[in-house]
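[1] Using only what follows, build the 3D model:
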Amino acid sequence: MPSSSCTRSRAPTVWPSPSSSSSSARRTPSAPLWPSPASSVTRPSSCWMRLPRAVPPAVPSRMAAPSCVVDTTSSSRASVTRRTWSSTRPPVPSAASPTSSLRTSARPSTPFSRPCRAQSPRCALTLASIASTHPRVVSKCNEDLETLIADANRSVATLAITTLLKTGSENSIDRLLKQISAFLTDIADEYKITVVKSLQQLCFTYPSRHRVIVGFLSNFLREEGGFDFKRSIVTGIVNLMKQIPETTESSLLHLCEFIEDCEFTMLSTQILNLLGEMGPSTSAPARYIRFIYNRVILENSAVRAAAINALAKFAAQCPSLRPSILTLMKPGLLDEDDETRDRASLAVKAVEAAMAEFPYAAPADDAEEVPADEPQAGDPAAFLLLESMPMSFDKLERSMKAYMSAPASMETAEPITFSSLPILEDLPEEEEKVEEADQSGIDAIAAPASPEKEKADPAAVVYAIPELAALGRVFRSTKPVPLTESETEYVVECVKHVFEEHIVLQFIVQNTIDDQRLDNVTVAVESDAGIFEAAGEIAAEQIKYGDTVNCFTVLQRNMDEPLASSNFNCELHFTVVQVDPATGEEEGEGFEEEYPLEDLEISTSDFMAKVAVGDFRKSWETMGNGNEVLEKFSLQFKNQEDAVAAVIAYLGMQPCDGTGTVKPGGKPHMLHLSGVFVGGRSVLARAQIALQGEAGGVILKIAVRSEDEGVSRMVADCIS
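    Next up, the predicted model:
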């Protein structure tokens, strides 16, 4: 037999023995092992073994034999057998069992036995992905997956654990936690974080076992681990407290024990702030005071300042604890750190003033009804230490700059208050931060902040023109709306500057023709609606080739008419002057020209500023239902995600509490929206968006509350 080539007959497949590459053996039906569908098998040119005929192995009933067509192609060096496998994709239930058998196969890898132990990572990853959507199907593989927890490949072991946590039953939680406990001590932090996230999802699935799972997580807070691992556990516990309120008190105690020996300052300060927010509202707030005070006397300056702040919140919200907490805070007046000393001084003064004005009277021992331990109306300590600012410091800085940029704002004798400051919309970066904080607990807050670039005020171009500055302060400015294609000879965009009684349309015009100069450029607008009327315009004198210049049109609003969507026909008017492209000199007389533009829409949402509220539930209850408007609509959308995005766009309001993102599952989604209507009137809306079922479409139920019933009606009518 020649040694330079190896021929293979069209006989059925022969399975070599795993013990020797020079011998062949038949594959027994007890352990079927099929080649990868996409693979082709090539024998090296140096092979000399004759392949005996053999019968292909029987296929077990649980795994259907894939269909294939065998053909042989010859070459000068070797003969290659190719198998064309059926491309029919098996359903998920039928795909899980063969994946399990391949993953747990102990047969070593040979040239003809592709499914082997080396494929465990891929199979484990496939099962983990399927378990996210079909946990019951993958649960049939749980017995095999448990054997992989001790696998030497840590990736395989981690995937096995996360899959078991997704597919396990409530009765198997205790057994799984025992197995995981020994596993977590031997893996890197990146694998531990993955397991912690899976445990969090397991607690959401079985909330009645929260004590066991939270206790398990808290045990590893006291073990060795890096910052990211500890932060993931703390974030998971905080998320559980938000989603499952029953876990609050026990979780807070676990966090208190953690900060007793926490080496990370950032985590300690965040936990202390959390204790100050949630601790006073528990059934026994006094139990947390000891843990907080220990941080005042044992920690560094940043932790001491956070501990003083937490004690102050306890004193402001629990009048019965004020005398003892006041004694604990007074040593902070002599602290060596300036911030700690300042916080202690402010808190001590506020609590002493509240105790003098509203002294606490303990109820009698035989009293039938014990009054609630909460501050009275007008309590100075509660107002100063518990009430949050109406805006963040970043937004306060931007609002102050916008206030000073308005003409004659600094010349008035009126004092500067929060209500007198201009209303600014939340920037996209701020929206992302709020949404991340809502979804990730303290995880997003603890991450280091990146430096931000200063944002330019879009209303500055309006204030620079005296005729437009006389209209007053701009309420809000919209994003540029294109009125032409970007490839046309004249490119036009429009920015709408909204005032109380006017709208200034800023048209941004660019000339892209090199042998023309545009003079006296204006935009004429017309509308059949009687809500707005053109009151004036400011032309652009010249627009040379490549230049971008602004021209303005002023619309006056009819205050007697309710706001509604209005469309305007726009037309660009200008004088064309032919010029030499090289020198720019005029080459002839100019002539009048008109250029049609796309229609411009002014909707009710243009008069709404996107401003989030800190506590939507509290703001909703405070607003009351006196001016509430209820409506129900049927929307033609195929899924909830598109419907939610459309409702947000129609109303022009800001999603709150992370409700702008729809959670998977198909359940009715509750959307919370907030904003400020022109004139400084706050608006809140709650919308329930549910799929209509087999009929298709989406059902929208919306409730709008505002300080003015007319505003509530206009906002609700935006949907129709």
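[2] Checking T575 next. Helix, strand or coil?
    Assigned by DSSP: H, G, I helix; E, B strand; the rest coil, the conformation of T575 is strand.
[3] residues in contact with it?
    Contacts for T575 were tallied using Cβ atoms under 8 Å, 6 or more residues apart in numbering; they are L518, D519, N520, G590, F591, E592, E593. The C-beta positions use only the backbone N, C-alpha and C, and glycine is treated the same way.
[4] again, only using 7 Å
    Contact analysis of T575 by Cβ atoms under 7 Å, 6 or more residues apart in numbering lists D519, N520, G590, F591, E592.
[5] Looking at pLDDT only, which of those scores worst?
    Lowest pLDDT among the contacts of T575: G590, with 84.
[6] Just to check, it is in contact with Q542?
    No - at 11.1 Å, G590 does not count as touching Q542 under the criterion of Cβ atoms under 7 Å.
[7] Need the residues touching each of these two.
    Common contacts of G590 and Q542, defined by Cβ under 7 Å, 6+ apart, comprise D519.
[8] Make CSV out of the contacts of T575 and add neighbour count and secondary structure.
    Putting these into CSV (neighbours: other Cβ atoms under 10 Å; DSSP: H, G, I helix; E, B strand; the rest coil) gives the following:
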residue, neighbour count, secondary structure
D519, 14, strand
N520, 15, strand
G590, 16, coil
F591, 9, strand
E592, 9, strand
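[9] right, and the pair among these with maximum separation?
    The distance between the two most remote of the contacts of T575 (Cβ to Cβ) is 12.0 Å, for N520 and F591.
[10] For K166, give its distance to L199.
    Going from K166 to L199 by Cβ to Cβ, to the nearest Å gives 11 Å.
[11] Report how many residues lie close to G693.
    By the criterion of other Cβ atoms under 10 Å, G693 has 8 neighbours.
[12] Let me know the pLDDT of it.
    pLDDT for G693: 71.
[13] Need the residues that contact the helix or strand harbouring F204.
    Here F204, judged by DSSP states H and E, is contained in helix 189-205. Residues from elsewhere that reach helix 189-205 (Cβ under 7 Å, 6+ apart): 154, 158, 161-162, 165-166, 180, 184, 209-210, 213, 217, 225-226, 228-229, 232-233, 236, 239-240, 243.
[14] Over to stretch 681-689?
    608, 619-620, 623, 640, 643-644, 647, 651, 653, 668-677, 698, 700-708, 711, 715.
[15] Can you say which of those residues are buried?
    Neighbour-count burial (16 or more other Cβ atoms under 10 Å) applied to the contacts of stretch 681-689 gives 608, 619-620, 623, 640, 643-644, 647, 651, 653, 669, 671-677, 698, 700, 702-707, 711, 715.
[16] Convert stretch 612-620 to PDB, retaining C-alpha atoms only.
    Taking Å, rounded to 0.1, in the frame of the first residue of the first chain, the C-alpha atoms of stretch 612-620 are listed here in PDB:
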ATOM      1  CA  ALA A 612     -37.500  64.400  36.900                       C
ATOM      2  CA  VAL A 613     -38.700  64.300  40.500                       C
ATOM      3  CA  GLY A 614     -36.800  62.700  43.300                       C
ATOM      4  CA  ASP A 615     -39.700  60.700  44.800                       C
ATOM      5  CA  PHE A 616     -42.500  60.200  42.300                       C
ATOM      6  CA  ARG A 617     -44.800  58.400  44.700                       C
ATOM      7  CA  LYS A 618     -44.700  61.200  47.200                       C
ATOM      8  CA  SER A 619     -45.000  63.900  44.500                       C
ATOM      9  CA  TRP A 620     -48.000  62.000  43.100                       C
END
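[17] buried set for that stretch?
    Neighbour-count burial for stretch 612-620, counted by 16+ other Cβ under 10 Å, picks out A612, V613, F616, S619, W620.
[18] Which residues are in contact with the last one?
    If I follow you right, that is W620. Neighbouring residues of W620 by Cβ under 7 Å, 6+ apart: L684, R705.
[19] Tell me the predicted confidence for it.
    For W620, the predicted pLDDT is 92.
[20] Check which element follows the helix or strand hosting it along the chain.
    Following DSSP H and E, one finds W620 within helix 616-623. Once the chain leaves helix 616-623, the next helix or strand it forms, by DSSP H and E, is strand 629-635.
[21] Just checking: what are the partner strands of that next one?
    Counting by DSSP bridges, the strands paired with strand 629-635 are strand 698-706 (antiparallel).
[22] so for the partner strand, what's the average pLDDT?
    93.
[23] Can I get that strand in CSV? Just the C-alpha atoms.
    Extracted in CSV, the C-alpha atoms of strand 698-706 (Å, rounded to 0.1, in the frame of the first residue of the first chain):
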residue,chain,number,x,y,z
VAL,A,698,-51.7,47.9,23.0
ILE,A,699,-54.1,49.3,25.6
LEU,A,700,-53.0,52.5,27.2
LYS,A,701,-54.6,53.8,30.5
ILE,A,702,-53.2,57.2,31.5
ALA,A,703,-53.8,59.5,34.5
VAL,A,704,-52.5,63.1,34.3
ARG,A,705,-52.3,65.4,37.4
SER,A,706,-51.3,69.0,37.3
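[24] which outside residues touch that strand?
    Here strand 698-706 makes contact (Cβ under 7 Å, 6+ apart) with 620, 623, 625, 627-635, 637, 640, 643, 647, 677, 681-692, 712, 715-716, 719.
[25] Filter those down to the buried ones.
    Buried by 16+ other Cβ under 10 Å: 620, 623, 627-629, 635, 637, 640, 643, 647, 677, 682-687, 689-691, 712, 715-716, 719, out of those.
[26] In helices only, show me these.
    If you go by DSSP state H, the buried ones among the contacts of strand 698-706 have W620, M623, Q640, A643, V647, S712, V715, A716 in helices.
[27] which residues touch the second one?
    Applying Cβ under 7 Å, 6+ apart, one finds that M623 lies in contact with L684, R705.
[28] L274 is in what secondary structure piece?
    L274 belongs to helix 265-278 when assigned by DSSP H and E.
[29] Quick one: distance of the next helix or strand after that helix to the chain centre.
    Downstream of helix 265-278, the first helix or strand assigned by DSSP H and E is helix 289-298. On the basis of Cα atoms, centre = their mean, to the nearest Å, helix 289-298 sits 35 Å off its chain's mean C-alpha point.
[30] so after helix 289-298, what's the next helix or strand?
    Counting by DSSP H and E, the element after helix 289-298 in chain order, helix or strand, is helix 301-317.
[31] Next, the angle from that following helix to helix 289-298.
    150 degrees (axes from the mean of the first three to the mean of the last three Cα atoms, to 10 degrees).
[32] quick thing: my sequence starts at 6, can you match it?
    Let's use 6 as the start, then, which means that last one is helix 306-322.
[33] so what does helix 306-322 touch, helix or strand wise?
    In terms of contacts (3 or more Cβ pairs under 7 Å, 6 or more residues apart in numbering; DSSP states H and E), helix 306-322 is packed against helix 270-283, helix 294-303, helix 327-334, helix 343-362, helix 385-391.
[34] out of those helices, deepest packed?
    Among those, the stretch with the highest mean neighbour count (mean count of other Cβ atoms under 10 Å) is helix 270-283, at a mean of 22.
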